[in-house]
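Enquirer: coordinates only, sequence not included:
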C-alpha cells in the first residue's frame, strides 16, 4: 500500500503533464524499437555475409575443399588397389557381372602395334604339320612416355662445274628466329602452362628428368616469342566473336607483380564468348580474352567499340555507355539474381527467398526444354510459357517488396531484380538471347585454376600473353 502511494506521488496529477510524460515514453519506446529493428537488420546482414563467405570459402576455389577431395580420391585409390590385390575367385577373362558397365573398346584412332605369338610349325605330340584355322586377338593399352628428339636440318652445298655458282636450299623457317625449339615443343610448353596449369619452373624440373636442361627464363622467353607469333590468330578470333548478334562478357581479377615493390596489384582479364549452340546456330563457338591493368570502364568500351548486338553481362557500370550508345542491348543474368536469393535462403532459410528460388527454377526448366532449338521456336515457346511466369514473378516481387522492411537483405535482392527487369526479360522476345551469362563464367574457370597455381603474372606483357593463349585454348575446348 505504501509503495503504491509513493509511486502515485511521483506521477504528475494534471492532464498536460501526464500527456507530456506519455509522449516522452512513446518517443523512448519508438527509439528502442528502432534500435532493436536496426540490430535485427545488422544481424540479418551479417548472417547473409557469413553465408556468402562460406560459399566462397567452401566453393570451387577452396583449398580446404580441394584437400578434402584429394584425400577422398586417395582413399578411393587405396580401396581399389586393395580390391585389385585380393585373390580372384574367377579368372580375369570371366564375363562381365550383371549390373556392371561393360568395358569400353580402346579408341580406334590410336596406333596399333601387333605382336604375334605363334606356336611351333609341328605338333608337339605327334610331330605332324600344323594348319592355321583361326586366331584370338586381345588388346592391351600401353603408354609411351613423352620424349625429346633432335631434328638435324642438313643442307648440302653444290657447285656448278661450268660457272662455279654455289647452290644451296634456304634454311627452313623456325617459329622463333635462331631458336632451338621446334613447334611441337613450343606447343607443349604453352599447353602445359595455360591448359594443364603447370608453372614454368615445374616444367623445367620435368624436362630435367629427361636430361634436358631448360631454365625457367628460357621457357619464359619461348612463351613470349610464341604468343607474339600467334597474335594474328587472336585478332581473328576477336573478329569472329564480335561479328555475332549476341555475345557474353565478363571479367575476373588477376594479380600482377608490381615492379620494384615486391607486391602485386590487381589487373583484369576480360572474356567475350560467342556460342550459338543453345539456339541451333551453325557458327563455330569461340572466345577471346583481353587484359587490362585495371577495371576501368574504358577497357570493355574499347574492346566492344565495333560490336553491335546483344551483350550478356552483369551490372558493371562500365558497360553503361555501350548501352546508352544504342548499338548494344543489355541482357541481364538470371543466375546473378538467383544467387542473391540463394545466399539469403542459406543464411536464414527465409520462406520468401525459397519461394523466389522456386519461381526462378521454373524459368530454367522451360529453358532446358528449349536448348538447341531454332530461335523462332524458342521465342514462341518463351512467350507462351515463360511470359506469364515472368509477369507473375514481377507482381509477386513488387507485392513482397511493399510488405518487407526496405533495409532487409530480401528487399535488396528484390530491388536488384526489379531495377534490371527489362534487361532480365529481354530473352523472352529474342530466341538468340540466353537466360543467363553462364557461358562467360565457364570461360573464366580455366583462369581461376591457373591463377591458383601461378599466384601472379610477372608483368602486363605476361597478362597479354595469357589472354591470347586462353583465347586459343578456350576456343579449342568449345569446339571439342
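Expert: Received the coordinates, thanks. All values derive from a computational prediction rather than experimental measurement.

Enquirer: ends of stretch 398-408, how far apart?
Expert: Stretch 398-408 stretches 15 Å from its first residue to its last (CA to CA, to the nearest Å).

Enquirer: Averaged pLDDT, it. What do you get?
Expert: Stretch 398-408 shows a mean pLDDT of 91.

Enquirer: in that stretch, what's buried?
Expert: Buried positions in stretch 398-408, judged by neighbour count with 16 or more other CB atoms under 10 Å: 401, 408. The C-beta positions use only the backbone N, C-alpha and C, and glycine is treated the same way.

Enquirer: quick one: the strands in the stretch 101-250 of the chain?
Expert: 158-159, 166-167, 246-258 (DSSP state E, counting those that start in this stretch).

Enquirer: other SSEs contacting the longest one?
Expert: So that's strand 246-258. strand 263-274, strand 309-312, helix 438-443, helix 445-454, helix 460-478 (3 or more CB pairs under 8 Å, 6 or more residues apart in numbering; DSSP states H and E).

Enquirer: Please name the nearest non-neighbouring residue to residue 210.
Expert: residue 148 (5.9 Å; CB to CB, 6 or more residues apart in numbering).

Enquirer: can I get the strands of the stretch 101-250 of the chain in CSV with mean neighbour count, mean pLDDT and distance to residue 274?
Expert: CSV is the format used below for the strands of the stretch 101-250 of the chain (neighbours: other CB atoms under 10 Å; pLDDT from 0 to 100; distance: least, CB to CB, whole Å):
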stretch, mean neighbour count, mean pLDDT, distance to residue 274
strand 158-159, 10, 91, 53
strand 166-167, 8, 91, 50
strand 246-258, 20, 89, 5
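
Enquirer: Among those, single out whichever gets nearest to residue 224.
Expert: strand 246-258 (15.1 Å; CB to CB).

Enquirer: Now for residue 323, how many residues are close by?
Expert: When neighbours are defined as other CB atoms under 10 Å, residue 323 has 14 of them.

Enquirer: That one touches residue 331, doesn't it?
Expert: No. Between residue 323 and residue 331 there is no contact under CB atoms under 8 Å: 10.4 Å.

Enquirer: among the helices and strands packed on strand 246-258, which gets the worst mean confidence?
Expert: Looking at the helices and strands packed on strand 246-258, the bottom one is helix 445-454 with a mean of 71.

Enquirer: Name the next helix or strand following the helix or strand hosting residue 354 along the chain.
Expert: For residue 354, the host element (DSSP states H and E) is helix 351-370. Counting by DSSP H and E, the next helix or strand C-terminal to helix 351-370 is helix 375-381.

Enquirer: From the contact counts, what lies against that next one?
Expert: Against helix 375-381 (3+ CB pairs under 8 Å, 6+ apart) you get helix 351-370.

Enquirer: What mean pLDDT does the helix it packs on get?
Expert: Averaging pLDDT residue by residue across helix 351-370 gives 94.

Enquirer: What are the contacting residues of that helix?
Expert: 334, 337-338, 341-342, 344-345, 377-378, 381-382, 385-386, 389-390, 392-393, 396-397, 400, 404, 410, 413, 435 (CB atoms under 8 Å, 6 or more residues apart in numbering).

Enquirer: Which of those residues are buried, as a ChimeraX select command?
Expert: Buried residues within those, by 16+ other CB under 10 Å, are selected in ChimeraX with:
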select :334,337,338,341,342,344,345,378,381,382,385,386,389,390,393,397,410,413,435
